[in-house]
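*Asks:* Mind looking at a prediction? Sequence and model below.
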Amino acid sequence: MGSSSSLTPALIEVCHLRGGRMQQLLESLQLNAGHVEILPSGYHTQVTLIIHNGQHSVVKIISKKEFVDRMVAEELSRDIRTYHAMLRQVGILVPDISRIELLPSSTGHDLVLIVPFEGYDAERKIESGELTVAQVAEGVLHALKPLFLAHKDFVLDLGVDPKPANFVSCNGNNFHYVDWMPPRFVKNGVPLVEYEPPKSQEGQELAYFRSYDLRGILLVLQSQLSKLNPHARPAVKSLIFKFAGEVGPKIQDYLTSLVSETVFSASAQEAASLVFQLQSRNIYELREIACELVCRGRANSDFLAKAFQLTHFYDDVPEPKRFQQARDFICSYL
């Protein structure tokens, strides 16, 4: 076992930031880390890069209140392995799973996932200037193409979250998909979309649309890339439109029918009417309008950050009042 005396200053700092939990975890796993870097973390997960015996590895700690029941954590561990294997089977690049462990915690259990380091995420590469938004768009689309070619009437057997932060690469090519929490596959006839599932039917349908429906996945990717660089939006839209024609021509019809494609050529009264017809299930169309406003120089990045915040949801669609606030806010810039 490692001991606190063998920890580097970087690791001690991480342990301090995380209340000593990382130190305890590494000791329990017999990992004597020579270097540590905190990586962007998700809603469920803390992520840390370590070097152990000369090898770069990523340690993910998944903590959920439901894990007070060990059987729940064990089931999720099995689902992650299943999802990982299914992604690999259809041709999606994913890092190997080195280890999955369940460790006791103050709230029950933590699920710990250890995988080889396959590079930093695409969002970081955009922000550092290593890759352009267009290069990331091409890389993500290429990475997902094997899955997309298997669709039937726009629907996939496996769900994905196409945010650039969920793809990593060492050299700007060969993007690996690393978001396996929650695992998204059809289990016992039910598509898994979130952990825990959305509370309403509308929330379930929206989560399914953005993860399992080609139209929703491409729309999410388009808005997420546009958010990172609104001025690159025309190039991103062109790449996605071309790609849509390759994997499902009718998807192009969907993309051209979006309100964001017609509202800017309408009169002020018509534009307001188009926007106010949108419902909470159309939040990604609202985001598209917001991205287009910034791209056209009619709003700034602060506006875009607020528009995304107002249209975000974790376990359900936005409450009617919040959605109305988002719609009013975006409409005021038209």
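*Replies:* It's in.

*Asks:* what comes up buried for the lengthiest helix in the chain?
*Replies:* When the chain is parsed with DSSP state H, its longest helix is helix 70-90. If you call a residue buried by 16 or more other CB atoms under 10 Å, then helix 70-90 has these buried ones: Val72, Ala73, Leu76, Ser77, Asp79, Ile80, Tyr83, His84, Met86, Leu87. (C-beta placed from N, C-alpha, C; glycine too.)

*Asks:* Repeat that for stretch 50-65.
*Replies:* Applying 16+ other CB under 10 Å to stretch 50-65 flags Ile50, Ile51, His52, Ser57, Val58, Val59, Lys60, Ile61, Ile62, Ser63, Lys64 as buried.

*Asks:* ditto for stretch 158-170
*Replies:* Applying 16+ other CB under 10 Å to stretch 158-170 flags Leu158, Gly159, Val160, Asp161, Pro162, Lys163, Pro164, Ala165, Asn166, Phe167, Val168, Ser169 as buried.

*Asks:* and the nearest residue to Arg296 once chain neighbours are set aside, how many neighbours?
*Replies:* The shortest distance from Arg296 to any residue other than its chain neighbours is 7.1 Å, reached at Phe264 (CB to CB, 6 or more residues apart in numbering). Using other CB atoms under 10 Å, Phe264 has 14 other residues around it.

*Asks:* Name all residues that make contact with Phe264.
*Replies:* Ala271, Glu292, Arg296 (CB atoms under 8 Å, 6 or more residues apart in numbering).

*Asks:* Just give me the closest of the residues you listed to Ser200.
*Replies:* Ser200 lies nearest to Glu292 out of these, by CB to CB, at 28.7 Å.

*Asks:* what two of the buried residues of stretch 158-170 are the furthest from one another?
*Replies:* Gly159 and Ser169 (21.6 Å).

*Asks:* pLDDT weak spots in the stretch 151-300 of the chain?
*Replies:* Within the stretch 151-300 of the chain, no range satisfies pLDDT under 70.

*Asks:* Flag every buried residue along the helix or strand containing Leu255.
*Replies:* Secondary structure from DSSP states H and E places Leu255 in helix 249-256. Neighbour counts over helix 249-256 (16+ other CB under 10 Å) mark Ile251, Gln252, Tyr254, Leu255 as buried.

*Asks:* For those residues, give me CSV that also has distance to Tyr333.
*Replies:* Putting the buried residues of helix 249-256 into CSV (distance: CB to CB, whole Å) gives the following:
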residue, distance to Tyr333
Ile251, 28
Gln252, 27
Tyr254, 25
Leu255, 22
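
*Asks:* Report whether the residue nearest to Arg296 is found in a helix, as I expect.
*Replies:* Yes - per DSSP: H, G, I helix; E, B strand; the rest coil, Phe264 lies within a helix segment.

*Asks:* do you know how far it is from Glu101?
*Replies:* 52 Å (CB to CB, to the nearest Å).
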